[in-house]
Each structure stands twice: as C-alpha cells, then as structure tokens.
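Engineer: The following block contains a protein sequence and its predicted model.
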Amino acid sequence: MDPAVASVSKSIGGYGPYKIDLERLFKNLENVGVCREDIHSECQGRLIEEPVCGIKPEIWNLHVILNSVAGMAAPGIGLKLGKSSYLTEYGSYYQRLRGCETMEDTRKAVKHFHDLSMQPHFYQDRVEQGEWQIKFGLPLAPGPGATVLFEELIAKTKYECEHFLGTDISFKRIELPYQEPAHRSEYEDLLGCRVIFGRPCMMIVFSQDVLDRPSAVRSPRRAALADEDWDAALMGMSLGDRVAAAILEQLVFQPGTYPSLQQVADTFGRSTSTVKRWLSEETLNYRALVDLVRREHVAEYLTFTDIAPKEIAHRLGFTNVHNFRRAFRRWMDMMPGEFRRLMAQESAFVPVLRPSSVRH
C-alpha cells in the first residue's frame with residue numbers, strides 16, 4: 001500500500017474516524033421487529049473483525065448488516081428505524097441540545113457535534129433563498145443497504161426536530177440519491193412533502209422560518225453540564241485532526257470533482273501554507289487525504305458493485321482508466337481486477353448484496 005495513504009489511514013482511523021455503534025443498530029432493529037439472531041443467520045459469517053484489503057470492519061459490517069436487513073425485512077424498514085430512535089440515547093449530546101433557545105441554536109450545536117464525533121455520515125447545512133438545506137453523505141456504495149440508512153436519516157431528522165419544537169413539522173421537500181422505490185407512498189405518508197428521487201445527494205429542505213421557532217425542551221442547567229463533556233472531547237482532538245475531518249467532509253460531498261488545496265484553504269479563510277502546516281502537525285497532507293477518499297470509494301465500488309473499472313475511473317475524476325489502474329496499484333499493491341476477484345473468491349467475504357441488484 002502507498003506509504004502516504006497508509007500513514008493517513010493510521011492517523012485518522014481509516015476513512016474518517018468513524019464511530020459506528022453496531023450494538024445500537026441491532027437494538028434499534030429489534031425495536032422494529034428485526035431479530036438479532038435472524039440477522040446473524042442471514043449474514044452467514046460475513047461479519048469481520050480485521051480489515052480486509054483496506055476496508056475497515058466498521059464499514060464492511062455496516063454494509064453486510066444493512067444489505068441483509070434490506071433483503072429480509074419489509075420495504076421501508078429504514079423509515080421505521082428512524083421513527084423508533086430515541087434522542088436520550090445520545091447522552092451529553094441530547095442534554096447539550098436542551099440548552100438551545102431556538103432551532104437556529106440547535107442547528108449550530110448539531111453541526112458542532114458532527115464535527116467532534118465523526119458520525120458514520122457526513123453532514124452539511126446552509127441557509128439560503130428562504131430555505132434551510134441539510135445534506136447528508138454516506139460512506140456506502142449504492143444499493144439497498146445505503147437506502148435503509150438514508151431512510152433512517154430522513155425519519156430521524158423529522159422526529160428529532162418535532163421533539164425539540166414540541167409540535168408537528170413539515171419538510172419543504174426531500175431529495176434522495178437513488179431511484180424511486182415501490183413503496184414511495186410510505187415516504188409521502190410519513191413526510192407529507194414532495195420527494196424527488198435520482199438526485200446527486202440526499203438533501204432535506206425546510207422553510208427558513210423553522211429556525212426561528214423556540215425549543216420546547218430547553219434546560220440550561222443540563223446543557224451546562226453537557227458543555228463540560230463537549231469541551232473535553234474538543235480538547236482530545238488536535239487542530240490537525242479537526243482540519244483533516246473538515247477536509248474529508250468536503251471531499252466526500254464532491255466525488256470526482258475534488259476541490260483543490262487552494263479551494264479548501266479558501267473555506268477556512270487561510271492560506272494554503274497555513275493549511276499545510278496544520279496538517280503536517282499530524283503528519284498529514286492534502287494529496288494523501290484525497291487519495292484516501294478515492295481509495296475507499298474505489299474499494300467499495302469493486303467490492304459491493306459490478307461497475308466496470310472504466311466507469312469507476314470516470315465517476316472518481318480520473319482522466320482515463322490507465323491512470324486509475326496505476327493509482328490503484330500504488331495504493332493496494334494489486335490491480336483492480338485482482339482486488340475484485342480476491343474479494344469474491346472467499347465465501348466468508350462474499351457480500352450479501354448481489355452485484356446484479358445494484359443500481360448503476
């Protein structure tokens with residue numbers, strides 16, 4: 001493996017320092033009638049404890065579990081998961097949000113939480129043209145498993161907002177990065193808004209006036225106690241780690257059109273030399289971060305889809321398939337075809353998702 005990429009992987013825990021709580025996922029699935037034993041039986045030993053050719057166990061196992069659930073549960077299981085989530089499970093995160101006076105304060109606190117915790121999805125939001133727009137990105141290849149997770153995020157966002165406001169809330173529209181499913185009516189019944197499928201990424205849109213509404217669960221005393229936990233978490237992350245996490249977020253949301261170092265520096269309002277210095281303090285560099293994102297995307301496409309290398313190269317911004325193959329060999333010490341065969345030849349590592357079922 002390319003030493004630079006390996007160094008970044010070690011420094012930031014792979015493709016972002018994800019904290020994927022599979023135990024919580026199992027409990028939430030049981031809450032909606034999906035038995036843990038049935039999931040394990042369906043997975044048939046495909047869950048792993050050590051990395052497989054650079055794919056972290058957390059990412060691999062999330063793929064396998066969600067694809068298993070998508071195959072064995074009724075359509076719309078992700079929507080049911082989101083409805084059954086409980087904010088109180090999030091400890092100091094929930095208590096900290098109780099210190100917010102308005103939804104605007106809550107919006108800022110949620111963004112801060114995502115920056116600190118490195119959830120298994122990337123989060124961006126902006127307010128413009130009378131809309132509050134929230135974008136989510138996932139470290140998952142297209143397929144039924146990713147759809148389950150997107151559905152959960154939609155429903156969870158709706159019910160969390162309603163919890164804090166103490167009243168029903170309506171989205172203005174939802175945009176989703178997959179084709180319209182057969183159970184589309186469940187989306188419209190739950191969300192009560194226009195749902196647009198086949199978009200570049202997931203986006204939830206509210207009217208901007210939602211941000212002015214007061215919180216119904218405010219408790220400044222509990223929030224003050226939670227602030228101490230958040231401050232401790234922030235102190236545990238170096239400046240270089242926080243900058244790397246912010247850069248990874250930008251890269252994930254622009255696959256194939258990765259921003260230049262200058263563009264990234266502009267988002268921080270600093271020079272490229274300053275950003276380089278921040279990263280160098282953690283032995284990181286921008287090129288290696290870009291390579292890391294590309295490598296993980298490539299590994300997932302080759303493992304969980306049957307998309308041809310030429311198309312993968314095009315999607316990820318390589319000028320041609322030859323440059324893509326050279327880069328992959330530098331990263332993984334093998335060619336893309338070898339990697340794909342290796343991932344398929346051992347039955348223990350065969351993904352639940354059949355390649356032919358993946359939407360290209």
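Structural biologist: Ah, there it is. Residues are numbered from 1 along each chain as shown.

Engineer: In terms of helices and strands, where is Lys276?
Structural biologist: Element membership for Lys276 (DSSP states H and E) is helix 272-280.

Engineer: For that helix, C-alpha coordinates in CSV please.
Structural biologist: Provided in CSV are the C-alpha atoms of helix 272-280 (Å, rounded to 0.1, in the frame of the first residue of the first chain):
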residue,chain,number,x,y,z
THR,A,272,-2.6,27.1,1.6
SER,A,273,0.7,27.2,3.6
THR,A,274,-1.3,27.6,6.8
VAL,A,275,-3.5,24.6,6.0
LYS,A,276,-0.4,22.5,5.1
ARG,A,277,1.2,23.4,8.4
TRP,A,278,-1.9,22.4,10.3
LEU,A,279,-2.0,19.0,8.6
SER,A,280,1.8,18.5,8.9
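
Engineer: ok, residues contacting stretch 191-207?
Structural biologist: 130-138, 150, 153-154, 157-158, 161, 169-181, 184, 187-188, 253 (CB atoms under 8 Å, 6 or more residues apart in numbering). For glycine as for every other residue, the C-beta is placed from the backbone atoms N, C-alpha and C.

Engineer: Just the buried residues out of these, in PyMOL syntax.
Structural biologist: Restricted to buried positions by 16 or more other CB atoms under 10 Å, the PyMOL selection for the contacts of stretch 191-207 reads:
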select buried, resi 132+133+134+135+136+137+138+150+153+154+157+158+161+169+171+172+174+175+176+177+178+181+187+253
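
Engineer: and the longest helix seen in the chain, what other elements does it pack with?
Structural biologist: Counting residues, the longest helix in the chain under DSSP state H turns out to be helix 144-165. The contact analysis (3 or more CB pairs under 8 Å, 6 or more residues apart in numbering; DSSP states H and E) places helix 144-165 against helix 57-72, helix 77-84, helix 103-117, strand 131-137, strand 173-176, helix 184-191, strand 202-207.

Engineer: Which among these is found nearest to Ile48?
Structural biologist: Nearest to Ile48 among the helices and strands packed on helix 144-165 is helix 57-72; the distance by CB to CB comes to 5.1 Å.

Engineer: domains for the chain, by residue range?
Structural biologist: For the chain, the structural domains run 74-233, 240-357, going by automatic domain parsing.

Engineer: Between its first and last residues, how far does stretch 207-216 reach?
Structural biologist: This stretch, stretch 207-216, spans 19 Å end to end (CA to CA, to the nearest Å).

Engineer: Only the buried residues of it, if you could.
Structural biologist: Gln208, Val210, Leu211, Arg213, Ser215.

Engineer: cool, stretch 192-200 as well?
Structural biologist: Of the residues in stretch 192-200, Cys193, Val195 count as buried by neighbour count, 16+ other CB under 10 Å.

Engineer: end to end, how far does it reach?
Structural biologist: 22 Å.

Engineer: Which helix or strand contains the nearest residue to Phe318 once chain neighbours are set aside?
Structural biologist: Leaving aside its sequence neighbours, Phe318 sits nearest to Phe324 (CB to CB, 6 or more residues apart in numbering; 4.1 Å). Using DSSP H and E, Phe324 sits in helix 321-332.

Engineer: pull the CA atoms of that helix into CSV?
Structural biologist: Written as CSV, here are the backbone C-alpha positions of helix 321-332 (Å, rounded to 0.1, in the frame of the first residue of the first chain):
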residue,chain,number,x,y,z
VAL,A,321,-8.7,4.2,-16.9
HIS,A,322,-5.0,3.7,-17.2
ASN,A,323,-4.2,6.4,-14.6
PHE,A,324,-6.9,4.9,-12.4
ARG,A,325,-5.2,1.4,-12.6
ARG,A,326,-1.8,2.9,-11.9
ALA,A,327,-3.1,4.7,-8.8
PHE,A,328,-4.9,1.7,-7.5
ARG,A,329,-1.8,-0.4,-7.9
ARG,A,330,0.1,2.2,-5.9
TRP,A,331,-2.5,2.2,-3.1
MET,A,332,-3.2,-1.5,-2.9
